[in-house]
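S.K.: 3D model of this:
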Amino acid sequence: MAIAIANNTPRVNYTVAQGASQTTFAVPFDFFDDDEVKIYVDGTLKTITTHYSISGGNGTTGTITMGSAVVGATGGSSVAVVRDVPIERTSDFSAGAAISRPALNEQLDVLTALASDLNDRVGRTLQLNDYEPAATLELPALAARKGRVIGFNASNGNLEAGPLIADVETLAQVTADIATLGDIEDGTDATDAIQTVAGIASNVTTVAGNSSNVTTVAGISSNVTTVAGIAGNVTTVAGISSDVTAVAGNSTNINLVGSNISNVNALGPLASDISTVSGISANVTTVAGIASDVSVVSDNALALSIALG
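M.R.: A predicted model of the protein is given here:
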């Protein structure tokens, strides 16, 4: 028995389509004992006799028969069949004793299979290209690499612990925002907004310090829009701020007039008479001081008028 190089790849992968079922799987590589063949279904290692049986072997290919058919899950199921020859001697040649050719041949076959298995595993590991200088690909210490992305040193290419996974995930959530900023910076958006903001950094800091006020204004945005629509009037009022202050100081009287607005409206048609009386306010004051005498004269004038009548 000899292992042929053509069928010495110690691994084969199958895919069971979604909803389909499959019970048997070919083992296309030579193996010796049944327990050297491992089968994984969707990444889960199955147990011989419990989950499957195997035929063939003893230096030839074979067939795996599942106890229960593999049913393809959503998107399909993966089945991997792998050879794992244990590192051990299967024979011992005593000094001076005759060598059994079949035993020697079997031992060489096992060594060939073992070398093939190890080569398969090495080929699935992180390794340097043959043409590159030496570099350290040893993992950082557990405490240094926990929760971090693995990276490579920019100078020597050595493997090292990179940024925190949490930070990378946070950046992944704002990739659209990062792309937007990139467009602004490189001119794709035909604007230099970032440079403009950088030039008013102190103002931005000031606004940040008044964030609560900004929030308050945001809550009355409709009012702000209304005021913006009468900006000319606002400018006019600003020009008479001293008068506005004076009026504010007479708010009590203004409120009093406001509560008697009907009387004010009634006096409106008498404005010219009121102006006349205002011009003789001193006489009005004098007459007010002799109001009782005026009343006596008025009464006597009435009596005289009756007597003469």
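
S.K.: Where does pLDDT dip in the stretch 201-309 of the chain?
M.R.: 309 (pLDDT under 70).

S.K.: Now do the strands in this protein.
M.R.: Applying DSSP state E to the chain gives strands spanning 11-16, 21-31, 37-41, 44-45, 52-56, 60-71, 77-83, 148-152, 159-164.

S.K.: Can you point out the buried residues in the longest one?
M.R.: Right, the one you point to is strand 60-71. Within strand 60-71, the residues scored as buried using 16 or more other CB atoms under 10 Å are 62, 64, 66, 70. Using the backbone N, CA and C atoms, a C-beta is placed for each residue, glycine as well.

S.K.: Export those residues to CSV and append columns for pLDDT.
M.R.: Output for the buried residues of strand 60-71, formatted as CSV (pLDDT from 0 to 100):
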residue, pLDDT
62, 94
64, 97
66, 97
70, 96
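
S.K.: In a markdown table: those residues, plus distance to residue 21.
M.R.: Formatted as a markdown table, the buried residues of strand 60-71 follow (distance: CB to CB, whole Å):
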| residue | distance to residue 21 |
| --- | --- |
| 62 | 21 |
| 64 | 15 |
| 66 | 10 |
| 70 | 7 |
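
S.K.: Now flag whichever of those residues is closest to residue 109.
M.R.: The nearest member of those to residue 109, counting by CB to CB, is residue 62 at 15.4 Å.

S.K.: Residue 97: which of the buried residues of strand 60-71 is nearest?
M.R.: Closest to residue 97, out of all of the buried residues of strand 60-71 and judged by CB to CB, is residue 62, at 33.4 Å.

S.K.: Just list whatever residues bridge to the closest one.
M.R.: As for beta bridges, residue 62 partners with residue 27, residue 56 under DSSP bridges.

S.K.: isn't it right next to residue 29, touching?
M.R.: No - contact criterion CB atoms under 8 Å: residue 62 and residue 29 do not qualify, at 9.1 Å.

S.K.: Quick check: the spatially most central residue of the chain vs residue 225, distance?
M.R.: Closest residue to the average C-alpha location of the chain: residue 173 at 3.2 Å, with CA atoms, centre = their mean. The gap separating residue 173 from residue 225 is 34 Å, by CB to CB, to the nearest Å.
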